[in-house]
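K.L.:
give me a model of this one.
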Amino acid sequence: MAEPGRPGTTTAPRAGSDVARRVAGSAAAGCALAGAVAVTVAVVAGPGPGLTGYVSEAGIAGSGHAATYRIGVLALAGALLLVGAALPPGVWAAAPALLATGAVFTAVSGAVTCSAGCPLPPFERATTADLVHGGASIAATAAVVLAMVALAFPGRPGRRCVGSPAGPPRWPCRSAPRWGWPCSSWVGARWWVCWSG
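P.N.:
Numbering: from 1, shown residues only. This is a model prediction of the structure:
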């Protein structure tokens, strides 16, 4: 029988939260995969031949696969929220908040489309929608990068790192590799979306 508060035992509420985190992590992986596939399909079948032009152009009004692109970006936003929910207890509170912020800006980026060519200042004349789309994409990328930094280090000075029950804090934290790859993959995809062309 499990004894509450005794090391090495599991209580029912803790076991339930572990299951919820695992379900959130699995759903995050599914959303990320579905979103990446949808965006890739929209880009390949998009306005230009193959992978030419900006990735965001696949979502412009009038594009044959604009809905597929938007659904894919929104699935990626959902993946960020789910990754934040799947983080283990004890991580610095900034990481889930930054992932949620990144999810909101990703959703804005998917909902507000740019015009053909995705023009951005100072070299091109941009519309308000272009500025909102570009700004949201940049803010989403920045939030996810900062979330990765927050996951790489322990929460508060003097507090032990997640996964380190005894001994000095570990730099970087042992939980960082678990979450670094999915987050860095997302950031790489966002940079490709924002700056390819």
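
K.L.:
report the separation between Tyr54 and Glu124.
P.N.:
Per CB to CB, to the nearest Å, Tyr54 is found 12 Å from Glu124. (C-beta placed from N, C-alpha, C; glycine too.)

K.L.:
what mean pLDDT does stretch 102-117 get?
P.N.:
Averaging pLDDT along stretch 102-117 yields 90.

K.L.:
same question for stretch 135-143.
P.N.:
Per-residue scores along stretch 135-143 average to 93.

K.L.:
do the same with stretch 25-42
P.N.:
Per-residue pLDDT values over stretch 25-42 give a mean of 92.

K.L.:
could you do stretch 74-87 as well?
P.N.:
93.

K.L.:
what lies in contact with that stretch?
P.N.:
Residues outside stretch 74-87 that contact it (CB atoms under 8 Å, 6 or more residues apart in numbering) are 20-22, 24-25, 27-29, 31-32, 34-36, 38-39, 95-97, 99-100, 102-104, 106-107, 110-111, 144, 147, 151, 175, 179, 182-183, 186, 189.

K.L.:
ok, now with 6 Å
P.N.:
Stretch 74-87 is contacted by residues 21, 24-25, 27-28, 31-32, 34-35, 96, 99-100, 102-103, 106-107, 110 when judged by CB atoms under 6 Å, 6 or more residues apart in numbering.

K.L.:
just the buried residues of stretch 128-148, please?
P.N.:
Using 16 or more other CB atoms under 10 Å as the test for burial, stretch 128-148 gives 130, 132-134, 136-148.

K.L.:
among the residues you listed, which are in helices?
P.N.:
Using DSSP state H, the subset of those located in helices is 130, 132-134, 136-148.

K.L.:
just the helices in the protein please.
P.N.:
Assigned by DSSP H, the chain shows helices spanning 12-44, 66-86, 94-111, 128-152, 176-195.

K.L.:
number of nearby residues for the residue nearest to Thr106 when sequence neighbours are not counted?
P.N.:
Of all residues not flanking Thr106 in the chain, Ala77 sits nearest, at 3.9 Å (CB to CB, 6 or more residues apart in numbering). Around Ala77 sit 24 other residues, with neighbours defined as other CB atoms under 10 Å.
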